[in-house]
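K.L.:
Could you look at this predicted model? Sequence included:
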Amino acid sequence: MRKIALITGINGQDGSYLTELLLEKGYDVHGIDRRSSQFNRGRIEDTRQEAQKRGQVFELYYGDISDFSSICRIFSNCKPTEIYNFASQSHVAISFEEPAHTTDVNANGVLRLLEAMRYFAVEGCRFYQASTSELFGNAPETPQNENSPFHPRSPYGVAKLYAYWIVKNYREHYGIHACNGILYNHESPRRGENFVTRKITYSLARIKAGRQDVLKLGNIDAQRDWGFAKEYIEVMWKMLQNEQADDYVIATGETHTVREFIEKASAIAGFDIEWEGKGVEEKGRDKKSGNIIVEIDPKFYRPEEKTILCGDASKAKRVLGWKPKTTFGQLVEMMMKADLELIDSGK
């Protein structure tokens with residue numbers, strides 16, 4: 001049977017990397033593109049054009065997982081054998097400002113996809129749900145694995161928890177092949193600029209070019225488990241190739257602070273940063289120029305994080321044969337150099 005993948009959220013970081021992987025593996029790729037007044041296909045447009053030159057199938061449909069009729073129409077048209085759901089209101093802080101929208105997309109949207117899959121996808125279709133480490137929130141243990149208790153601390157995390165359980169329920173009740181990938185933070189040069197890692201590298205590149213004065217951040221001592229997104233895409237695909245559907249934590253198993261990320265990125269950008277002051281008065285000064293390049297802004301603070309979110313991916317290693325390869329330092333260097341080149345190009 002020809003493999004036909006449907007990717008929601010195809011324009012994002014994960015969707016673009018997955019598109020490239022599946023085209024390399026000979027899939028027909030179909031994507032749901034949410035209509036916008038601005039062109040938002042920058043991550044996939046070159047890939048789409050190259051695929052068409054090679055005679056490969058790469059189709060995009062306007063649709064929205066908040067609209068059940070558009071989902072059904074798209075499923076009927078492309079008849080997918082694999083579905084990868086990346087569509088999401090993906091920012092934790094924004095979920096406090098838009099809780100109803102976040103719930104409709106991140107929770108009810110997944111239910112709509114599963115229902116459409118039951119009625120319009122081909123028999124044996126497989127489903128991947130992009131879950132998140134935010135499910136754990138204030139879990140009482142670190143690191144977290146598939147058996148750790150959930151305690152989400154944001155509308156984003158709560159909505160994603162509903163999605164996790166509805167996927168698991170449909171798998172057990174209807175016997176469908178549906179998996180949750182409980183992914184920890186995964187970054188790349190394609191990360192959106194409103195996420196802290198990319199905000200750091202993009203802002204430092206702009207400061208280096210004289211286009212920005214200062215980088216403003218919240219708690220720079222917050223710790224995260226950061227991996228390389230392109231490697232995490234590979235294990236998503238592996239989940240749907242495995243005969244037994246299951247849920248997996250995907251993580252590096254080590255944490256680093258935002259401060260560490262800033263220091264490494266600054267060095268690569270040519271800054272020599274030193275810290276002065278404490279708390280909200282702390283600043284990062286470039287010793288070479290004497291300029292303040294990092295400031296603390298309380299508006300970027302999250303509620304106190306009592307649990308360090310660090311993942312134990314032993315199950316994925318044991319069952320799927322996957323483990324991360326890119327180190328933290330390599331990831332920072334990759335992202336920082338990419339943004340220096342981006343700003344230098346003037347694009």
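P.N.:
The structure has been received and is ready for your questions.
K.L.:
which residues in the stretch 201-347 of the chain form strands?
P.N.:
215-217, 223-224, 227-228, 248-250, 256-257, 273-276, 283-286, 292-296 (DSSP state E, counting those that start in this stretch).
K.L.:
Quick one: closest of those to residue 320.
P.N.:
Closest to residue 320 of these is strand 248-250 (Cβ to Cβ; 7.1 Å). C-beta coordinates here come from the backbone N, C-alpha and C atoms, glycine included.
K.L.:
what's the closest one in contact with?
P.N.:
Strand 248-250 is contacted from outside by 133, 144-146, 179-184, 186, 227, 232, 235, 239, 311-313, 315-316, 319-320, 322, using Cβ atoms under 8 Å, 6 or more residues apart in numbering.
K.L.:
ok, of those, which come out buried?
P.N.:
By neighbour count, with 16 or more other Cβ atoms under 10 Å, these hold 133, 144-146, 179-184, 186, 227, 232, 235, 239, 311-313, 315-316, 320, 322 as buried.
K.L.:
Tell me which of those residues fall in helices.
P.N.:
Those of the buried ones among the contacts of strand 248-250 mapping onto helices are 232, 235, 239, 315, 316, 320, per DSSP state H.
K.L.:
Export these to JSON lines and append columns for distance to residue 153 and pLDDT.
P.N.:
Output for those, formatted as JSON lines (distance: Cβ to Cβ, whole Å; pLDDT from 0 to 100):
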{"residue": "232", "distance to residue 153": "23", "pLDDT": "97"}
{"residue": "235", "distance to residue 153": "26", "pLDDT": "97"}
{"residue": "239", "distance to residue 153": "26", "pLDDT": "98"}
{"residue": "315", "distance to residue 153": "24", "pLDDT": "98"}
{"residue": "316", "distance to residue 153": "25", "pLDDT": "98"}
{"residue": "320", "distance to residue 153": "29", "pLDDT": "98"}
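K.L.:
Show me the two of these that sit farthest apart.
P.N.:
Within those, 232 and 315 form the most distant pair, 14.8 Å apart (Cβ to Cβ).
K.L.:
Neighbours of the nearest residue to residue 196 once chain neighbours are set aside, how many?
P.N.:
Ranked by Cβ to Cβ, 6 or more residues apart in numbering and with sequence neighbours excluded, the top spatial neighbour of residue 196 is residue 258, at 6.2 Å. Residue 258 has 19 neighbours, counted by other Cβ atoms under 10 Å.
K.L.:
likewise residue 71?
P.N.:
Number of residues near residue 71 (other Cβ under 10 Å) recorded here: 24.
K.L.:
Quickly note the distance from it to residue 171.
P.N.:
Separation of residue 71 from residue 171 (Cβ to Cβ, to the nearest Å): 19 Å.
K.L.:
repeat for residue 334
P.N.:
Separation of residue 334 from residue 171 (Cβ to Cβ): 36 Å.
K.L.:
can you check residue 12 too?
P.N.:
Residue 12 sits 25 Å away from residue 171, going by Cβ to Cβ.
K.L.:
Neighbour count: the two, which is higher?
P.N.:
Using other Cβ under 10 Å, the more surrounded residue of residue 12 and residue 171 is residue 12, with 23 against 19.
K.L.:
Might you report the residue contacts of the spatially closest residue to the more buried one that is not a sequence neighbour?
P.N.:
Nearest residue to residue 12 in three dimensions, chain neighbours excluded: residue 86, at 5.7 Å (Cβ to Cβ, 6+ apart). Going by Cβ under 8 Å, 6+ apart, residue 86 touches 7, 8, 9, 10, 12, 14, 15, 18, 130.
K.L.:
10 Å - rerun?
P.N.:
7-16, 18, 31-32, 128-130, 236 (Cβ atoms under 10 Å, 6 or more residues apart in numbering).
K.L.:
cool, and residue 95?
P.N.:
So residue 95 contacts 89, 101-103, 106, 134, 154-160 (Cβ under 10 Å, 6+ apart).
K.L.:
Could you tell me how many residues sit around the closest residue to it other than its chain neighbours?
P.N.:
Spatially, and ignoring its direct neighbours in sequence, residue 95 is nearest to residue 156 (3.6 Å; Cβ to Cβ, 6+ apart). Close neighbours of residue 156, defined as other Cβ under 10 Å, add up to 25.
K.L.:
What is the host helix or strand of residue 156 packed up against?
P.N.:
Using DSSP states H and E, the element containing residue 156 is helix 155-174. Applying 3 or more Cβ pairs under 10 Å, 6 or more residues apart in numbering; DSSP states H and E, one finds that helix 155-174 contacts helix 92-97, helix 99-103, helix 109-120, strand 126-132, strand 177-183.
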